[in-house]
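Trainee: predicted model, plus sequence, below.
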Amino acid sequence: MTDRVDFYVLNSPTPKQRFTFACRLIEKAYLQGLRVAVLSASAADAMALDDLLWTFNDRSFVPHQLCRDKEAMSADTPVHVSADMDAVAEADLLVNLSDRLPTGLERFARIAEIIDGDPERRRLGRERFKSYREHKLTPNTYQMDGTGDI
């Protein structure tokens, strides 16, 4: 059952800042012992995030796996990255980097939406915000100041 939905609103319209912020959020959740699922917009975005998780911080290690289906998932890996909701198992935190409302919300205790400054991405984020409310969830919004601090 989803208890919390957080929208992190970034100033920059660049996907790189959104992905870097996602990496920091994923790292923080991992260090707290949470199981994390990441939903990306496409297979190419999932691969780009997979690469960035290895390199975004040279003093950090976030064990993760790129998943194309549930059968390929390792239960021992704390972070799973996929472009397909059917390939995502339940987790403590879902980081939604896609432009769509995730299905199966009840599988995730918490959902994080990362919205950058791109006008279309903001519009789609507002639609998801409304959809969460229709699901009887109360989203929290955090305006990020550009430092990348979470």
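Mentor: That came in fine, so what should we check first?
Trainee: low pLDDT regions in the chain?
Mentor: Scanning the chain for pLDDT under 70 picks out the ranges 69-73, 146-150.
Trainee: can you give me the helices for the protein?
Mentor: Using DSSP state H, the helices of the chain run over 15-31, 43-55, 119-134.
Trainee: what's the offset of the first one from the middle of its chain?
Mentor: In this case it means helix 15-31. For helix 15-31, the separation from the chain centroid amounts to 8 Å (computed by CA atoms, centre = their mean, to the nearest Å).
Trainee: so which bits of stretch 81-95 are buried?
Mentor: For stretch 81-95, the buried set under the neighbour-count rule, 16 or more other CB atoms under 10 Å, comprises 81-83, 85, 87-88, 91, 93-95. In short, each C-beta sits where N, CA and C put it, glycine included.
Trainee: could you point out the longest strand in the chain?
Mentor: The residue-count maximum for a strand in the chain (DSSP state E) belongs to strand 108-115.
Trainee: who's in contact with that one?
Mentor: Strand 108-115 has contacts (CB atoms under 8 Å, 6 or more residues apart in numbering) with 1-10, 18, 21-22, 25, 37, 90-97, 102, 105, 121-122, 125, 128-129, 132, 139.
Trainee: put the buried members of the residues you listed into a ChimeraX selection.
Mentor: With 16+ other CB under 10 Å as the criterion, this ChimeraX line picks the buried residues out of the contacts of strand 108-115:
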select :2,5,7,8,10,18,21,22,25,37,91,93,94,95,96,97,102,105,121,125,128,129,132,139
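Trainee: contacting residues around the residue positioned nearest the centre of the chain?
Mentor: Nearest to the mean C-alpha position of the chain, by CA atoms, centre = their mean, lies residue 95 at 1.7 Å. Residue 95 makes contact with 22, 25-26, 36-39, 112, 114, according to CB under 8 Å, 6+ apart.
Trainee: that older thread, pick the most deeply packed of the helices of the chain.
Mentor: Mean neighbour count (mean count of other CB atoms under 10 Å) peaks for helix 15-31 among the helices of the chain, with a mean of 19.
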